[in-house]
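Q: Coordinates for the following, if possible.
(chains A and B)
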Amino acid sequence: MNNLLEMRGIVKQYPGVLAMDKVSIDLKSGEVHCIIGENGAGKSTLMKILSGAIKKDSGDIFIEDKKVIYSSPFESQQLGIGIIYQDFKLVPELTAAENIFLGREIKRSIFLNKNEMSLKAVDVLSQLGEEINVELPVSLLSTAERQIIEIAKAIVSNVKILAMDEPTAPLTRKEIDNLFQVIKKLKGGGVGIIYISHRLEEIFEVGDRVTVLRDGRCVGSSLIKDVSRNDLIKLMVGRELSEKYPHKTAQTGKEILEVVNLNSDKINDVSFSLIRGEVLGIAGLVGAGRSELVRAIFGADKITSGNIFVNEREVRINSPSDAIQSGIALLTEDRNLLGLFINMNIRENISISNLGKSFKGFFIDKQKELSEVQKQFDKLRIKAPSIETNVEALSGGNRQKVVLARWLETNSSILIFDEPTAGIDVGIKFEIYKLINDLAEKGKGIIIISSELPELLGIADRIIVMCEGRITGILSRDEASQEKILNLATKFSTKIMHAV
Amino acid sequence: MLSDNKKAKLTKIIGEFSIGLALVIEIILFSQLSPYFFTAENLLNVSLQVSITAIIAAGMTFVILTAGIDLSVGSLVALAGILATSVIKIDLPVYLSLPLGILAGVLFGVFSGFIAGVFVTKFKITPFIVTLALMTIWRGTAFVYTEGRPIWELPEAFAYLGGGRIIGVPVPTVIMVIVFFASHIVLTKTRYGRYIYAVGGNREAARLAGIKTNKILISVYIISGILSAIAGVLLASRINSGQPNAGLMYELDVIAAVVVGGTSLFGGRGTIIGTFLGAMLIAVLRNGLNLLNVGSYVQQVIVGVVILLAVLLDQLRKK
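A: Here you go, the predicted model:
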């Protein structure tokens, strides 16, 4: 059979990162081709290139063996490519029918023909075996129903190629079964489906073929019936650990932080402890609740129940300011949105959590502030003309150092790092690892969240693995391996307990 | 990067300088056109005219720096003035009734600001809507309370606040200078001031940096309330009565002064000196046009054009 879609030799270079390195995939009509890989393997980049949302640097795309060139989602839609993103692109205030026909409304002279659209919408949905009230605004529909609306929208636009990004992430088991039925019907209609997921079980249920991406490269492709779950995990993980992590000896000592039965909207009965001088890693897939856990500990999100002990004394943390008082610091995941004050300079960004130290009566002691900030600036070797430089002018790595400096200056005894090396070049990464080790050696307790497993294996003494808001395992450095972590991180392949 | 940094510094200096420069040009221009303009008497007169809006504008700067807005200031001027004058009219010795009256007005400013701040933070309603509602409520209250009639027959001592002079300088001018000096110190030299810029620049980052953002937000509305109330008392003293329609549309003049002064409506950027210059720019323009016998209708058009130009200048400099 001929290829419905072929992407050949796709290359995408971002500053400092080669996101797509000559990736080639193809898709036949009536086939489900699964794309899997770890976080950051390049799945989303591939999807965005297919949709035309981002430009590829080189490589070609063929549809039905004809080379096509396009540069926007609009043009790719015209070519029959439909994309369903994790966060749906529906207008919540419009009805289901209006959403299905958004951009291709049926009109009678200059007026919308609402009856006709409603009838057709019902028709399309029944083809999928669905019954949804198309007169309701989308905001009143369930997540699963919205997804079906997205699919119906794609069908109305005569989609030949449908790419779905983690379509089951928000669904319950029953809804997933239903979705798979819909996918079967689409296949029967000759639509080719690209199915992106990190849930291995599903791939065996729904897929015909699978391609594994790692670090922006295709590392393997096979028919589903010819592979096992373990083969896939090996392919996803692949690489050997290199000696890029500074060595440090594991510590045993007093518990500096203990979390008991912590619950919040996003996390479920989490308990663990952190020892003085320890680097504790938290692994898990996107949406596993890792950031939510540390945000809850830091008082950034509301805790519904549970206890937190610092140095064996219980503390009440209702706000980040309480957490800081208790000696906890959090470097947030998104440093630009949640960490930096882009309207301020380096000095102001560093001293903002530490102004209590530089006080002279009612006023800020400018000399003290300058000297303290300058110390951190020099120690972390932030590359900028001076501490008066606006942070807007800094690179990602240096911005991260500024936020780091702020928290180091607070002299907190517990430091939590959420993806501290994301989007940072290798040189600065190593500096950050070294700094984390130094801090641990000085007796601080360190928690680090990372989606890069080799990084966690390289620097953490123990690794907590999370899945669906729960801890599914705690591994010591010696027993941890990428395979084990990935197994624990995908322990619940569905969201059964959320449906209960 | 170095050149970028220098450029950034330069544009910052030019930015603050540009409002000042515009003001200087304006003064030179009017001095040429009207012989009376550049006399001590007229300049003191301008300072008196600008004092009330400028005092409110200082408070508004705090609010706008946090990316908020306070539309209730004009109505507060009226209601604070009415409260103060009605307390002053109580049959008490003047040395008691005067301070009590002023205190009543100011306390009401605190109250109004607190209400606004609580609605903005706890109930998460946008400042525009909260203060728009308060604007209507206070204005209505002022009319209901006075039944639409002004409060007259105040003790002579009260008139000193708005009409008196301290070594030749009008009292409101002196108060304005004190307010601006204090505001400048607070915003540039204290932790509280730094927090205001942080909250306005990135509220969530500020919270995660350990700043009690709600307290900061509530406090800026209280500051705006207090300064509006002080302005209201001064105005009542100057017109020697409590008027329910005092301070009508002041909010617009005040916001114009702040924005012309270079403070960003999106928060986090701006200076109190800028606000002062912005208020002066508009006040000098009005005074000069008056001296040149430009009709009030035409004046409105010219003031509007100047506001647009000043903001345009600010926008261009950012690019």
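
Q: What are the boundaries of the strands in chain B?
A: B:165-166, B:169-170 (DSSP state E).

Q: Once you drop chain neighbours, what's closest to residue A:482?
A: residue A:237 (3.9 Å; CB to CB, 6 or more residues apart in numbering or on different chains). Heads up, the C-betas are built off the backbone N, CA and C, glycines and all.

Q: Kindly report the same for residue A:310.
A: In space, residue A:310 is closest to residue A:326, 4.9 Å off (CB to CB, 6+ apart).

Q: got a list of what the one you found touches?
A: By CB atoms under 8 Å, 6 or more residues apart in numbering or on different chains, the contact list for residue A:326 reads A:310, A:315, A:317.

Q: Repeat the analysis, applying 10 Å as the threshold.
A: Neighbouring residues of residue A:326 by CB atoms under 10 Å, 6 or more residues apart in numbering or on different chains: A:257, A:297-299, A:308-311, A:313, A:315-317, A:412-414.

Q: Name the spans of the stretch 151-300 of chain A whose pLDDT lies under the cut-off.
A: Within the stretch 151-300 of chain A, the stretches with pLDDT under 70 are A:238-244, A:246-252.

Q: Please flag which of the contacts of residue A:326 sit within helices.
A: Among those, DSSP state H puts residue A:297 in helices.

Q: Please report which of the contacts of residue A:326 has the highest neighbour count.
A: residue A:297 (28 neighbours; other CB atoms under 10 Å in any protein chain shown).

Q: and the gap between that residue and chain B?
A: Distance, residue A:297 to chain B, by CB to the nearest CB, to the nearest Å: 13 Å.

Q: The stretch 151-300 of chain A against chain B: which residues are in contact?
A: Contact residues, the stretch 151-300 of chain A versus chain B (CB under 10 Å from any CB of the partner chain): A:295, A:298-300.

Q: again with the stretch 401-500 of chain A
A: So the stretch 401-500 of chain A meets chain B at A:403, A:406-407, A:410 (CB under 10 Å from any CB).

Q: before we move on, back to that, just give the number of residues close to the residue nearest to residue A:482.
A: 19.

Q: That one contacts residue A:215, doesn't it?
A: No - using CB atoms under 10 Å, residue A:237 is not in contact with residue A:215, being 11.1 Å away.

Q: between those two, what contacts are shared?
A: Joint contacts of residue A:237 and residue A:215 (CB under 10 Å, 6+ apart) are residue A:38.

Q: Which parts of chain B are helices?
A: With DSSP H as the criterion, chain B has helices spanning B:2-33, B:40-65, B:73-88, B:94-121, B:127-146, B:159-163, B:171-189, B:191-201, B:203-208, B:213-238, B:250-260, B:272-291, B:296-318.

Q: does the last one come close to chain A?
A: Just to be clear, that refers to helix B:296-318. No - Helix B:296-318 stays clear of chain A (CB under 10 Å from any CB), getting no nearer than 11.9 Å.

Q: Remind me what that helix packs against, helices and strands.
A: helix B:2-33, helix B:250-260, helix B:272-291 (3 or more CB pairs under 10 Å, 6 or more residues apart in numbering or on different chains; DSSP states H and E).

Q: Quick check: nearest residue in space to the residue in the stretch 51-200 of chain B that chain A sits nearest to, chain neighbours excluded?
A: Closest to chain A within the stretch 51-200 of chain B is residue B:191: 4.2 Å, counting by CB to the nearest CB. If the residues on either side of it in the chain are set aside, residue B:191 comes closest to residue A:355, at 4.2 Å by CB to CB, 6+ apart.

Q: which SS class is the one you found?
A: In terms of secondary structure, residue A:355 is coil; the call rests on DSSP: H, G, I helix; E, B strand; the rest coil.

Q: Spatially central residue in chain A, please.
A: Of all residues in chain A, the one closest to the mean position by CA atoms, centre = their mean is residue A:286, 4.1 Å from it.

Q: Would you check how far apart that residue and residue A:390 are?
A: Computed as CB to CB, to the nearest Å, the residue A:286 to residue A:390 distance reads 32 Å.

Q: Give me the neighbour count for residue 172.
A: Because you didn't say which chain, this covers chain A. Residue A:172 is flanked by 19 other residues according to other CB under 10 Å.

Q: think we crossed wires, I meant chain B
A: For residue B:172, using other CB under 10 Å, the count is 26.

Q: can you give me the strands in the stretch 201-350 of chain A?
A: A:209-214, A:217-223, A:255-263, A:270-275, A:279-283, A:305-310, A:313-315, A:328-331 (DSSP state E, counting those that start in this stretch).

Q: Could you pull up the mean pLDDT of the shortest one?
A: Meaning strand A:313-315. Taken as a whole, strand A:313-315 carries a mean pLDDT of 94.

Q: Direction included, what does that strand pair against?
A: Paired neighbours of strand A:313-315 in the sheet (DSSP bridges): strand A:305-310 (antiparallel).

Q: Keeping just the C-alphas, turn the strand it pairs with into PDB.
A: The C-alpha trace of strand A:305-310 is given here as PDB (Å, rounded to 0.1, in the frame of the first residue of the first chain):
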ATOM      1  CA  SER A 305      -4.900  17.300  54.700                       C
ATOM      2  CA  GLY A 306      -1.600  15.900  56.000                       C
ATOM      3  CA  ASN A 307       1.400  17.100  58.100                       C
ATOM      4  CA  ILE A 308       4.700  18.500  57.400                       C
ATOM      5  CA  PHE A 309       7.600  18.300  59.900                       C
ATOM      6  CA  VAL A 310      10.800  20.400  59.600                       C
END
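
Q: and the angle from that strand to strand A:270-275?
A: 0 degrees (axes from the mean of the first three to the mean of the last three CA atoms, to 10 degrees).

Q: Quick one: work out the angle between strand A:305-310 and strand A:255-263.
A: 170 degrees.

Q: any idea how far strand A:305-310 is from the chain center?
A: Relative to its chain's centre, strand A:305-310 lies at 27 Å (CA atoms, centre = their mean, to the nearest Å).

Q: Can you tell me what sits against it?
A: Outside of strand A:305-310, the residues within contact range by CB under 10 Å, 6+ apart are A:255-264, A:267, A:269-271, A:273-274, A:296-299, A:314-317, A:323, A:325-328, A:413-414, A:445.

Q: hang on, the earlier thing: and of the residues of the stretch 151-300 of chain A next to chain B, the nearest to chain B?
A: In terms of CB to the nearest CB, no member of these lies closer to chain B than residue A:300, at 5.9 Å.

Q: Return the residues in contact with the closest one.
A: Residue A:300 sits next to A:291-292, A:294, A:317, A:319-320, A:323, A:330, A:332, A:338, B:204, B:207-208 when contact means CB under 10 Å, 6+ apart.

Q: Next one: the closest residue to residue A:331 other than its chain neighbours relative to chain B, how far apart?
A: With sequence-adjacent residues excluded and distances taken as CB to CB, 6+ apart, residue A:331 is closest to residue A:417, at 4.8 Å. In this view, residue A:417 and chain B are 14 Å apart by CB to the nearest CB.

Q: what does the stretch 101-250 of chain B put close to chain A?
A: B:185-186, B:188-195, B:197-202, B:204-215.

Q: Tell me the buried residues within these.
A: Applying 16 or more other CB atoms under 10 Å in any protein chain shown to those, the neighbour count classes B:186, B:190-195, B:197-202, B:205-214 as buried.

Q: Nearest to residue A:304, out of the contacts of residue A:300: which one, please.
A: Nearest to residue A:304 among these: residue A:292, at 12.0 Å, using CB to CB.

Q: Just give me the neighbour total for the closest residue to the closest one other than its chain neighbours.
A: Leaving aside its chain neighbours, residue A:292 sits nearest to residue A:266 (3.7 Å; criterion: CB to CB, 6+ apart). Residues near residue A:266, counting by other CB under 10 Å, number 17.

Q: contacting residues around residue A:266?
A: Neighbouring residues of residue A:266 by CB under 10 Å, 6+ apart: A:287-293, A:295-296, A:301, A:468-469.

Q: run the last query once more with 6 Å
A: By CB atoms under 6 Å, 6 or more residues apart in numbering or on different chains, the contact list for residue A:266 reads A:289, A:292, A:469.
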